[in-house]
Each structure stands twice: as structure tokens, then as C-alpha cells.
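J.: Got a sequence here, can you model it:
(one chain, ligands or ions: 1)
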Amino acid sequence: MTKKKRKSPIGNLLLTYSKRSLASKQDIYTWDEEPYCDHLEDIGSFTDNKKKKERVFSNREKCLLGVLLALLVLLIAAVAYLLYMLLQNMNKPKGFFCLEPHCVEESAMVIKKMDLKAEPCKDFYQFSCGRHLKELIVSPGVAKYGILQGIGGHNFAILRRELATPGHVFKGKNSSAIAKAKMIYQSCLDEVTIEEKGGRPLLKVIESIGSWNISTDPEGGRLDPDKWDLTEALINAHKLGPNPLFGFGISADDKDSEKNIMMFVHAGLSLKHGEMYTNKKTAAKLKKGWLNYVVKLAVLLGAKEDDARQQLEDVWEFETELAKIDERAPSRGNTFERYNKWPLKNLTAIMPSINIKKYVEDMLLGQKVSPDTPVLVYDPGYLIEMSKIVANTSKQVLANYIVNQINQKFAPYLSLNFRIASLELEKVVRGTRSTPSRSGFCTSIANKMAGWATGAMFADKNFEKGHFDKANKMLDGIKEQMRLTLEEADWMDNQTRTIALEKLAALRRMIGYPDFIKDPAKLDKYYEKLVVTDDDFVSNMLLVQKFNLDRIVARFGKPVDRSEWHMKPAKVNAYYSASCNLMAFPSGILQPPVYGPKFPMAFNFGSMGAIMGHELSHGFDDHGKEYDKDGNLRNWWTAESLKNFRKKSECLQKQYSEYTVYGEHVNGENTIGENIADNGGVRLAYNAYQSWLVSHRDTILPGLNKTSEQLFFLGWGQTWCTYYKEEYARHLLYSDPHSPAKYRVNGPLANFPKFAEAYTCPLGTHMNPKKKCVLWGKSECPSGGEGCQKKTQSKRGGFLDWLELDAYDHTDDQRSRENTLDWLD
Ligand SMILES: [Zn+2]
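T.: Have a look, this model is predicted:
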């Protein structure tokens, strides 16, 4: 963006006024000329001579007095008007008023979400999102619908159109990768074939992995305990995607981040979270929903209902035992304790019921490994306990447990009655009572299974040149603010600070999508070994699974590819990778309404900027802080700095634990990482925006009557306008590491005096409590957890600062004095 040296419309207004004043002065001078006095004299000419003698003032004196009086009145009026304008301008947005259609649209987009009757100092989330949430119409199949899900819907609409378009020309060339994505989509849409096949594709899969003890169907078989082998069953199941008993993968070694290593991780449950089995308030309801679901699947595969229910109830009991291990020894917590690098043979010792060497060699597709090959074992305590439970469990239950996980994985790919069965569980967990539209589901499948090909189509059609430029520069500014934050953090000693600054300097970013997807030849090469058809959906799913497994296995023995993206281009999300010290923002999220190259930067920073700050803060949250600049797990914190970090962290934990949803408390401990990131993100983005303002003028939207600072916070508030079904909101309280949307908005703002300042919230109101928790972000309250009793002075908040800025507009001198960066030009 080139520097704009135009005066702002306000500036122009003032200029116009000033011109009028000058013009008025000209008029006064005109009146002071002889004709005026002559006129008075002319009036005086009507008086008689006697009266003339009684006169105290001469005509000339009268004339001068009149002029002086007029001047005085005009002067008072001018001063009063100037004061009025000064007061008006103190509360008016400053920048370029924009009446272009895109600004009117943007303004309408913001206003129509707001509840203008709500008090921003009481509940800013309601103020930002109230009308949107009240008027939102959500389909019965949706459990959660937020602004980001809305962008996802937009992305899917583009993908659906592209996937449905015949042909596979990409950038002027026939692309086999695009053809494969379209074949997956078409095979998914082919409901006639899918209905005709019913459950047969799944029965074949069950047979191939060693059967179970429930189905009476000849293909599904009944278990022969003498032939059934746990290791074989696990290998087959893990290759298909589910993770019974434990998870296996190949990824960066936490303490040697450039090398890939095999890892065994805590897994094994059908439901996402252990608490779903053990929570006394909810477990009975979940068990009922889950049993109804999995029994229906079994019956559809040919089982007798009573037999299936009895045997699957045993599976629930088995999974509950696994969940209880989690309760006894939580996997969360100290990453250093969770990290265990062992020779493979040690795993054999703790899991005697599984042939680990055979398991590993088979998962590595035949590659031989020695018993001394290093493997990472997270939570060995879980594996030890799990192994004991397995030793005391019958083969029938184990086989049923494994096959049931396969059933749950494949049911969505089968005929309608299998998909409807899932609603038995969905209505309990998410409160939804219908399945998604077929085309929507198939678009999501194609994007999941061939996401670089669909992403290539998405990116090619959706972004103009330079779309990500502003995003990159915003990130520069946010990173710079983190540097200042670290420099200023008085609770950190210099030793820790130096390493933190090194880590920040080394932090890398990826924005948009990988380059290879722009090149049809490279894209085709990526999917070269994937073979799919357009008429066999389940086979396609199996082939994609095999393709992905091959790619993961190919990592073994090779260095970590640090350029690899872990999110596809159309994904509406972002991430921070601790082992790569890298943050990534896929193109899918860099769109309206959270980001737009023409949006006011106040909104861009408040929305997308705070998301960027969020990801950056993850590098320094409770987990990220344990990794160094190279992505290695290493304690680089001195005891004193760590103690202070924990103290500040505890303040946030306590704050969020007091928030409630439907009478239930948010888990401040489980959400701490995300809350640190939200709090840091908003502050970093705000400070980056203020720094940007030093050398730029922002766009002012019509009709909003909000200052840029107020718009910044609306940007944050409106990023999280989210509808939840009650069941799902309750469920997320223990399964989601993020706080509920309302508190993602209000929590960080209540801790941030700049918010209270922008909305003039008196101290002691909901959004400006006396006690504030500050971790990352320039601290206005150096004492940390205690509140800011005094209103802080904004460097640029008042009118005089603005005038001063005018005087220094765009000078290099100002840049260096304010320590701003040369970015966003
Ligand atoms: Zn996060």
C-alpha cells in the first residue's frame, strides 16, 4: 500500500471551517471599511442638531464601538464553535471517511450483528453479537455455528461448484489430481450405488481385520478365539484409521526436532474424552445414546439386537476401565514427564500381550527394526495400566471393541440407515437430529481426502494477487509487539528473556497455502500413487487411507520436512507447531468477515490480527513455552521466571473457572493454553494496530459512529459470535480446550484496560473489573494479577495526541521516535 498523504475528511471538514472563519474575517474587515461607517453616518443624518449636542460619542466613536462589539460577538461565537468542534472531535473516529460501496457493506456487516440496546461495559459479547445470534437460523443438523463456520460454508460453496464442474483442467492443463478429487466427490454422491450395497462393504472390512463375536452374517463371521490374534487385529485396525488401545505415528522427536521418530500415544476410546465415561452426571445418558447407536449398526450388519446389546455393553464397560486410567493418571500436565524415549524392547516389557516388534514392522510396511530402535512413549503409565486391563479381558470383548471402532469409522460412508443410526449418539452429544446435506458431506469428504487438489481449485478461484500482503505485514507488527512485550516483562529475568527473544526471532510463519499446489505437475506428482474410481465410495476411502499411511511411513528415517503444511488451503483455522516453532494461517481463514484487504485496519487487527496474536502466543503458553527456538523440548526457564509465569497463569485459571455455561463452570485448567493465547492475541494485535496508526490513517466506516479503537474490539467480539445447541455447549465444557465463545470475547477484554478506555467502562463494571489477569501483552498493570486502579493514559487516545500526530504525519523522525516499524506501506 502506498502512503497516503491526503487529509482525512475530518481534516477537510476542519479546513472548510477554518476557511469559513477566514472568509468571515474578510467580511469583518469589509465591515470595518468606510461604507459601514458611512452608513451609520447616514442613519445619524436623520437626528436633529440639539440632540447632536447631547451626544457623548461621535459618529466615528459609535462606529468604532459597533465594530468592536460585533468583533467581540463574533470572537465569542468563533471560540465557542471551536470548543464545540474540539469536544466533538474527541469522541469522533479519526481517519478517512469512506462511503464507497465496500465500506457501506462492511459497516452493515458490523451493525447488523450488534445488539445496540446491550451495554458494552456489561457484556461486550452480547453488544457485539446479540442481534446476529437472535436472528440466526440454524439447521437442525448443526450443533455449533459461528462466524468461522460461516466462512467454512462459503469455502465449501466454492469447492462444491468446482467439484461439480465437468472436466479437470487446472491452469490450462489436464490435472490428474483434480480428476481424482472429483472422482472421490462423485463416488460419494452416487447414492444409488451406496444404497444398493448397504452394509456389505463394511462386512468385508470386518472380515479382513479378523472378525468379531457379534455379527451372524456369514461375511462378518463369528469369532474363533483360537485363531484370533490381538496384534493382528490392532495392526489391521490402526491401518484403517481408528486407534484402539493406543495411537501410533511418526513425527518430529520433541527433543530432537529435526528427526522423525515412531511414537506411541494415549488413545483407545470410542468417545472423544475420558470424562464422557466417568462423569457421574452425564455418563448414563451418554452410555444410552452410544449403545443405541452401536447396537443399531450391529443390527444393520445382521446381528440380533439382544445379543449385540449385551456384548456391546461389555465393550462400554471395557472402555470405561480405560477411561478411568486417565482419571487416575491424567495425561495432561508436565510434558517433560510425558516424554519418554525408550528402546523398542522396553515396550515389549510393559505390553506383553502385544507383539510389539511384529506390530511395528507391519505398520512400517515391512521395514525391519531392531529391539533397540528408539521410540517415543507418551504416558507409559497409561500403557502399563491398559496392558493389565487387556490381560484380564476376554478375546471376545477385545475383538468386539476393535471392530466396533471400525464400524463407527465406516458408518458415515454407508447407506442412509447407517448414517441415521449415528443420530442416536449425536442427539445426546450435540443435540442434532438430522444428517448434513449430501452435497455438503461429499464436499467435506473430497476436501478431507484430497485437500491439496481441492485447495488448489479453491485458492485459484478465490484470491486476487496481493490478497495476503496485508496479513503478512500485520503479522510483522504483531511479532514486533511480542518482542516489546518480552523486553518489558518485568517478571522475567534477563536469562529467560534472552532465550525467549531468540525463540521469537526464529519463529517462522506460513500464510495462504504451499507453493506446490499452484503447479499442476507438482500437484499431480503428490497424488501420483493415489488410485480412485468414481463408483465405489468405500473402496475410495480405503485407498485414501492407504495412501495417507504410506506417506506417514515414508517419513521414517528421514529428517522432518519443516515446509510441510498440516492444514489444507480451504480450512478455516490456524495453528502453531511447537516442534517447528512455526505458525500457519491457511487461505481458508483469511477472508471476510475476519479479514479483508479493503477492511478498516482496526477491524482487520481486531479480528484476524488477534487470531495471529493468538497463534503467536501459543509459542509462549503453558505448553509452547517448554520448547525452544529450534522446536526442542527443553526447560529454558529459570526457576524464578517460571514461578512468576505460573502465578500469572493461575490468575487466568481462576478467572475462567468462575465463568459458567448453563450453570456449569468452565474448566480453567483445561482451557489455560487457549486462554493465554486469547489474552495475548488481543493485546498484541491492539498494540500492533496502535503502532500502525502512528504512520497511517485508517478507514472510517459510515453509520457506525465508532472510534477505530472501538471498532478494533468489535472485530474481536464479532469473530466469535457463535450459536451452540445446549447439549453441545455442555459437552464442550469438558472436551474443548477453548473457552466458550462468550468468554473468549469477554475474558481477555475484561483484563485489558484499553478496552475499558475505548468504551469508557467505569472501574468495577463487568468488563472493567478491579482485578485483572495479565500474562503476555504490554502490561498496564506491572504488578500482574492486581487491577489497575488508575485509568491509564493512552498515548494516542486524546485529541491533542491526534493533533500532534498530524504535525508529524509520516515523517521518518516520528517513526524512529515511536519505535515503529516500516511495515504496511
Ligand atoms: Zn489456540
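J.: And the chain, what are its domain boundaries?
T.: The chain breaks down into these domains under automatic domain parsing: 9-90, 106-151+454-818, 201-413.
J.: For residue 428, find the nearest of those domains.
T.: domain 201-413 (3.3 Å; CB to CB). Yep, even glycine has a C-beta here, placed from its N, CA and C like the rest.
J.: tally of neighbours for the residue of the stretch 351-500 of the chain found nearest the ion?
T.: Nearest residue of the stretch 351-500 of the chain to the ion: residue 478, at 14.7 Å (CB to the ion). Counted with other CB atoms under 10 Å, the neighbours of residue 478 add up to 28.
J.: Which helix or which strand is home to it?
T.: In this structure, residue 478 sits in helix 469-488 according to DSSP states H and E.
J.: Which strands and helices lie in contact with that helix?
T.: helix 494-506, strand 508-512, helix 601-604, helix 610-618, helix 672-694 (3 or more CB pairs under 8 Å, 6 or more residues apart in numbering; DSSP states H and E).
J.: which residues touch the most centrally placed residue in the chain?
T.: By CA atoms, centre = their mean, the chain has its centre lying nearest to residue 573, at 5.3 Å. If you count contacts by CB atoms under 8 Å, 6 or more residues apart in numbering, residue 573 has them with 148, 567, 586, 588, 589.
J.: same deal with residue 396?
T.: 213, 223, 225, 311.
J.: tell me which element residue 744 is part of?
T.: Going by DSSP H and E, residue 744 is part of helix 741-750.
J.: quick check, that helix touching the ion?
T.: No. Using CB under 5 Å from the ion, helix 741-750 never reaches the ion; the gap is at least 9.9 Å.
J.: what's the angle between that helix and helix 672-694?
T.: Here helix 741-750 runs at 50 degrees with respect to helix 672-694, directions being taken by axes from the mean of the first three to the mean of the last three CA atoms, to 10 degrees.
J.: secondary structure class for the residue nearest to the centre of the chain?
T.: Three-state call for residue 573 (DSSP: H, G, I helix; E, B strand; the rest coil): coil.
J.: Now do it against residue 162, distance only.
T.: Here residue 573 is placed at a distance of 20 Å from residue 162 (CB to CB, to the nearest Å).
J.: if we can go back for a sec, could you give the angle of the helix holding residue 478 to helix 494-506?
T.: 170 degrees.
J.: where's helix 469-488 relative to the chain centroid, distance-wise?
T.: 18 Å (CA atoms, centre = their mean, to the nearest Å).
J.: how about the strands of the stretch 151-300 of the chain, start to end?
T.: 169-170, 173-174, 246-253, 256-266 (DSSP state E, counting those that start in this stretch).
J.: List phi and psi for the residue nearest to the centre of the chain.
T.: Per-residue torsions, residue 573: phi -170, psi -180 (degrees, to the nearest 10).
J.: Show the pLDDT at it.
T.: Listed pLDDT for residue 573 reads 95.
J.: how about the strands in the stretch 701-825 of the chain?
T.: 722-724.
J.: who in the stretch 651-800 of the chain is up against the ion?
T.: So the stretch 651-800 of the chain meets the ion at 674, 677 (CB under 5 Å from the ion).
J.: For residue 395, list the residues it contacts.
T.: Residue 395 neighbours (CB under 8 Å, 6+ apart): 223, 225, 228, 230.
J.: What distance do you get for the first one to residue 566?
T.: The reference is to residue 223. 38 Å.
J.: Those two - which one has more neighbours?
T.: Using other CB under 10 Å as the criterion, residue 223 and residue 566 rank with residue 223 on top: 20 against 12.
J.: which of the contacts of residue 396 are close to the ion?
T.: Of these, not one also sits near the ion (CB under 5 Å from the ion).
J.: Please, where are all the helices along the stretch 201-350 of the chain?
T.: 230-240, 275-278, 283-300, 305-328, 335-338, 344-350 (DSSP state H, counting those that start in this stretch).
J.: Tell me the residues of the protein that contact the ion?
T.: Counting by CB under 5 Å from the ion, the chain sits next to the ion at 674, 677.
J.: what pLDDT, on average, does the longest helix along the chain get?
T.: In the chain, taking DSSP state H as the definition, the longest helix is helix 59-90. For helix 59-90, the mean pLDDT works out to 74.
J.: what's the helix or strand for residue 630?
T.: Judged by DSSP H and E, residue 630 forms part of no helix or strand.
J.: Relative to residue 257, how far out is it?
T.: 6 Å.
J.: more crowded one of these two?
T.: residue 257 (23 against 15).
J.: With adjacent residues omitted, what lies nearest to the more buried one?
T.: residue 631 (3.7 Å; CB to CB, 6 or more residues apart in numbering).
J.: ok, the one you found - contacts?
T.: Applying CB under 8 Å, 6+ apart, the residues near residue 631 are 252, 257, 577, 578, 579, 580, 581, 582.
J.: residues making contact with the helix or strand hosting residue 150?
T.: Assigned by DSSP H and E, residue 150 falls within helix 147-164. Helix 147-164 has contacts (CB under 8 Å, 6+ apart) with 142, 181-182, 185, 439-440, 442-444, 446-447, 454, 457-458, 461-462, 570, 572-573, 588-589, 591-594, 718-722.
J.: That's all I had, so thanks and see you.
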